[in-house]
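[1] Just a sequence and a predicted model for now, questions to come.
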Amino acid sequence: MREKKLTTAAGIPVSDNQTSLTAGERGPTLLQDHYLLEKLAHFNRERIAERVVHAKAAGAHGSFTVTHDITRYSKAKIFSKVGKKTDVFGRFSTVAGEKGSADTVRDVRGFALKFYTEEGNWDMVGNNTPVFFIRDAIKFPDFIHTQKRDPQTNLRNETAWWDFWSNVPEALHQVTILFSDRGIPRGIPYMNGYGSHTYSFLNAKDERFWVKFHFKTRQGIQTMMQEEADRIVGKDADYHTRQLFETIEKGEYPQWTFYIQVMPEKEAESYRWNPFDLTKVWPHSDYPLIEVAVLEMNRNPENYFAEVEQAAFSPANVVPGISFSPDKMLQARIFAYADAHRYRLGANFERLPINCPHSGVHNTYQRDGMMRFDGNAGAAVNYEPNSFGGPKADPAYKEPPLKISGDADRYEQKRGVDDDYIQPGNLYRLMPKDEQKRLIKNIAGSLKKAPVEIQKKMIAHFSKADESYGTGIAKECGL
Ligand code: NDP
């Protein structure tokens, strides 16, 4: 192979990359060694702001192939015909740990997918759990503070976890999932992904349906016992990252079957659960899973920073035929994700190659900003209205109106109607006895570290979900 010439960032040939320019053999370095200065200065700037949550991740490219017709529910081009294939990029993360933290910890996993559709990117920014700890984003920064490091000790603080959860009973469902076997997946290929929020679909007749997204692993759910996971933390902190990379390198491509649950628009008003409450599932017996497609991860990134670190997902990115719902958490994430990326990557983050639509179409009137590294739309007109043939909005993409009613106020969800205990209880009751025992042991192992008053408060919540759930934990805690 012919050797390439080493250059400075400005493309100037470099004569020596091993010794710096000094005044005499033992003399000090000269300021004139601009190549040395460039190297040091660039090195100082290698790190960008770490994501506050979901900092540690593995990523892969793949495909999404439609296997069943759902055009009666959605006009999105991605679903337009059976056999249709769309490029995807996936990022799979832990939530609480920093960029270098261990993979095999008990935590929720991010399951973020970017579908490069012909009508722009659809980002499905989900988790490996169908619900979340809270249903109102106003609680989110406080909740995440309990999961990150203590302000004084810089250690993770289990008292903060249980203090928060004992004061927020809506968390019980997700807490039950987190401390169950599924709280530590054996690997990324062995977990499910869920959209978690309720989204909406619009069909060609502009009929609206509420939908939930489910990606079920075809490798089968496999989890890790706490003791094994703890051992692996010390031996191979990057266990899941390594496993995904090596699995794909070997040509064993993990797959998930994509299903939806569909609720006609009107039914939301009378359904027994608030269908926009992120702490609740829609029981399968009410809304059965409808098979749609297969997702496959089949190509490793060439460059981690360019593809995984710079990947920027936002629930705001939905394409015609897919839309939002009144879910309060979703509404906040529509703002928060793009805002995080503007902070992390700058105003032009959508222009980075990993975030660019594969359709090549991005005709906006946005210009300039830090790191505008493409042609900045050249000489094209940069305002609207204009008489020079600039891009135009198309009313054909307008969504049908959504009826909203009520007084502007701050509403606490009515506990009686939207009970926070039934679904965690249902989950506990569907677990086999041995899994129930492990769940109780996992919870008690952590809860014991909190003050007794908090333990008691928490046990009262578990008991409301299921008497034996609460008494089991109380016994393990020695109460
Ligand atoms: P179903 O019996 O219809 O569904 C139960 C679902 O629970 C399964 O399909 C599976 O979801 C999931 N599940 C099974 N075993 C476990 C386990 N050990 N740990 C965690 N999840 C498990 O009943 P419902 O729809 O009424 O749900 C009952 C409970 O199941 C819910 O309260 C919820 O906690 C949980 N669940 C429900 C989901 C839903 O969308 N309805 C999705 C996931 C969990 P999967 O096939 O997706 O793995």
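    Structure received. The shown structure was predicted, so the numbers you read here are calculated from the model rather than taken from an experiment.

[2] Quick check on residue 194: phi, psi?
    phi -140, psi 140 (degrees, to the nearest 10).

[3] ok, it to residue 102 distance?
    Counting by C-beta to C-beta, to the nearest Å, the separation of residue 194 from residue 102 is 24 Å. Every residue, glycine included, has its C-beta placed from N, CA and C.

[4] what's the answer for residue 297, then?
    According to C-beta to C-beta, residue 297 and residue 102 sit 22 Å apart.

[5] which of those two has more neighbours?
    Under the criterion of other C-beta atoms under 10 Å, the comparison of residue 297 against residue 102 puts residue 297 first, with 25 against 20.

[6] would you say the more buried one is within a strand?
    Yes. Counting by DSSP: H, G, I helix; E, B strand; the rest coil, one finds residue 297 located in a strand.

[7] quick one: contacts for it?
    Applying C-beta atoms under 8 Å, 6 or more residues apart in numbering, one finds that residue 297 lies in contact with 60, 61, 62, 88, 90, 189, 244, 248, 253, 254, 255.

[8] Could I get the full set of strands for the stretch 201-350 of the chain?
    Across the stretch 201-350 of the chain, reading from the start of the chain, the strands by DSSP state E, counting those that start in this stretch fall at 208-217, 255-264, 290-299, 322-323.

[9] For my notes, please list those strands in TSV and give mean pLDDT and distance to the ligand for each entry.
    Formatted as TSV, the entries for the strands of the stretch 201-350 of the chain read as follows, by pLDDT from 0 to 100; distance: least, C-beta to the nearest ligand atom, whole Å:
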stretch	mean pLDDT	distance to the ligand
strand 208-217	98	6
strand 255-264	98	7
strand 290-299	98	12
strand 322-323	98	19
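
[10] Switch those strands over to CSV; also include distance to residue 465.
    What follows is these, written out as CSV (distance: least, C-beta to C-beta, whole Å):
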stretch, distance to residue 465
strand 208-217, 22
strand 255-264, 23
strand 290-299, 29
strand 322-323, 33
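
[11] surely residue 56 meets residue 103?
    Yes. The pair residue 56 and residue 103 passes the contact test of C-beta atoms under 8 Å, sitting 7.1 Å apart.

[12] Please identify which helix or strand holds residue 472.
    Remark: residue 472 resides in helix 467-476, with elements defined by DSSP states H and E.

[13] Name the spans of this structure whose pLDDT lies under the cut-off.
    Segments of the chain classed as low confidence (criterion: pLDDT under 70) are 415-418.

[14] Quick check: residues of it near the ligand?
    The chain has residues 130, 177, 180, 182, 192, 214, 216, 281-285, 423, 426-427, 430-431, 435 near the ligand, with proximity defined as C-beta under 6 Å from any ligand atom.

[15] Can you select the buried ones from these in ChimeraX?
    This is how ChimeraX selects the buried members of those, with burial counted by 16 or more other C-beta atoms under 10 Å:
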select :130,177,180,182,192,214,216,281,282,423,427,431
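
[16] Tell me which of the residues of the chain next to the ligand fall in helices.
    177, 423, 426, 427, 430, 435 (DSSP state H).

[17] The nearest residue to residue 113 once chain neighbours are set aside: neighbouring residues, count only.
    Take residue 113 and drop its neighbours on the chain: the residue closest to it by C-beta to C-beta, 6 or more residues apart in numbering is residue 124, 4.5 Å away. Other residues within reach of residue 124, judged by other C-beta under 10 Å, total 27.

[18] ok but residue 124 is inside a strand, no?
    Yes. According to three-state DSSP, residue 124 belongs to a strand.

[19] and residue 190, what does it touch?
    If a contact means C-beta under 8 Å, 6+ apart, then residue 190 has 217, 219, 220, 221, 222, 223 as its contacts.

[20] and the gap between residue 479 and residue 163?
    Counting by C-beta to C-beta, the gap from residue 479 to residue 163 is 17 Å.

[21] Likewise for residue 25?
    As for residue 25, its distance to residue 163 is 64 Å (criterion: C-beta to C-beta).

[22] The two: which is more packed in?
    Between residue 25 and residue 163, counted using other C-beta under 10 Å, the more crowded position is residue 163 (18 against 5).

[23] what's the closest non-adjacent residue to the more buried one?
    residue 454 (5.5 Å).

[24] secondary structure class for that neighbour?
    When the structure is reduced to helix, strand and coil (three-state DSSP), residue 454 reads as helix.

[25] the helices in the stretch 51-200 of the chain, which residues?
    Assignment of helices within the stretch 51-200 of the chain using DSSP state H, counting those that start in this stretch yields the ranges 140-147, 158-167, 172-178.

[26] Go through those and name the closest to residue 413.
    Of all the helices of the stretch 51-200 of the chain, the one in closest proximity to residue 413, counting by C-beta to C-beta, is helix 172-178 (13.4 Å).

[27] Can I get that closest one in PDB? Just the C-alpha atoms.
    Written as PDB, here are the backbone C-alpha positions of helix 172-178 (Å, rounded to 0.1, in the frame of the first residue of the first chain):
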ATOM      1  CA  LEU A 172     -43.800   1.400  41.200                       C
ATOM      2  CA  HIS A 173     -44.500  -0.300  37.900                       C
ATOM      3  CA  GLN A 174     -41.100   0.600  36.400                       C
ATOM      4  CA  VAL A 175     -39.300  -0.100  39.800                       C
ATOM      5  CA  THR A 176     -40.800  -3.600  39.600                       C
ATOM      6  CA  ILE A 177     -39.400  -4.100  36.000                       C
ATOM      7  CA  LEU A 178     -36.100  -2.600  37.000                       C
END
